[in-house]
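1. Generate coordinates for the sequence data below:
(2 chains)
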Amino acid sequence: MRISSGYGPRPAGGGFETFSWYFFRVSGIALIFLAIIHLLLNHVTTDVSCTSFQLVQIRYANPFWRLYDWLLLTLALLHGMNGLRVVVDDYVHGRAWRLTLQSLLAVVTLVFFMLGTITLITFHSVADPGLICPHASF
Amino acid sequence: MYKGQSGMWSWLFHRIAGLGILLFLLVHIVDIALLNFGPTVYNEGIALFSTAPIRIITLALVAGLFFHSFNGVRIILIDFWPKASRFQGTMFAIALVLTILCFLGVGWYIVAPIFGVQLGNIPQGM
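-> Numbering: from 1, shown residues only, chains lettered A, B, ... in the order given. From the prediction side, this is the model:
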């Protein structure tokens, strides 16, 4: 007889679904800090109209911000696309549809990850960044 | 329609908010990729995101983000703390209250410029 441990149910077996279950929760904790701070820095301390090329230039002069943004990109994309995978799993039943949609999700994840990573890595300062934002810092 | 209770609604809103945030994320990756085309193009993209209608739509993102975060913490507590299931309804209420409070705070910063109220850094001449 299995006495309830009181813990929430989780996929057993140690396979991909178990990993996915833990990944949601671990990445979710990290994302709370990454995403909310990102929101505050780009909408509160600075108005969105001021998040210009110049601001990016100032921030990305410090590699910390490139890494921060890359972590946010990677974790949010994987967390979100994994969620979409679960949603497709829940509502799409035909074998052909499942194969097509899940493959499409994997490709879309890869493409957006590459686009974001390339943008972060290759960004470099220019002489004239255009719109200047007074008091713009870090 | 199945008439579930707070547990069903929290699950449903969590899923809807998550999908909404994901959709925004895909658009956001593309608009940031405009950086590759230089300052003029990128700044024009930023100007588009600063218009009044987009600011209003951004409120939906902010609400979804906060709810998904706070409800996510509730889910993690239920999954890893045995006693938490007993308080799931209370935690849902707390998550909703926190969502509303944070939404009002950040939301004001986002829509205030529509009414000419300058809070964060604003570009010169605006």
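2. same for the helix-or-strand element of chain A with minimal mean pLDDT, what does it pack against?
-> The helix or strand of chain A with the lowest confidence, counting by mean pLDDT, DSSP states H and E, is helix A:53-60 at a mean of 93. Here helix A:53-60 touches helix B:39-49, going by 3 or more CB pairs under 8 Å, 6 or more residues apart in numbering or on different chains; DSSP states H and E. In short, each C-beta sits where N, CA and C put it, glycine included.
3. just the angle between the helix it packs on and helix A:53-60, please?
-> 100 degrees (axes from the mean of the first three to the mean of the last three CA atoms, to 10 degrees).
4. which outside residues touch helix B:39-49?
-> A:48-49, A:51-54, A:56, A:126, A:128-131, B:31, B:34-35, B:54, B:58 (CB atoms under 8 Å, 6 or more residues apart in numbering or on different chains).
5. Give me the buried positions along the next helix or strand after it.
-> Counting by DSSP states H and E, the next helix or strand C-terminal to helix B:39-49 is helix B:52-80. Across helix B:52-80, burial judged by 16 or more other CB atoms under 10 Å in any protein chain shown covers B:55, B:58, B:61-79.
6. Check which helices and strands helix B:52-80 sits against.
-> Short answer (3+ CB pairs under 8 Å, 6+ apart): helix B:52-80 packs on helix A:16-43, helix B:6-32, helix B:88-111.
7. Tell me which of those approaches A:Arg85 most closely.
-> Taking CB to CB, helix A:16-43 is the member of the helices and strands packed on helix B:52-80 nearest to A:Arg85, at 8.0 Å.
8. Please identify the buried residues of that closest one?
-> A:21, A:24-25, A:27-28, A:31-32, A:34-35, A:38-39, A:41-43.
9. mind listing what the closest residue to B:Trp9 other than its chain neighbours touches?
-> Distance criterion CB to CB, 6 or more residues apart in numbering or on different chains; nearest residue to B:Trp9, sequence neighbours excluded, is B:Phe92 at 7.9 Å. Neighbouring residues of B:Phe92 by CB under 8 Å, 6+ apart: B:Ser6, B:Gly7, B:Trp9, B:Ser10, B:Asn71, B:Arg74.
10. just the helices in chain A please.
-> A:16-43, A:53-60, A:63-91, A:95-122 (DSSP state H).
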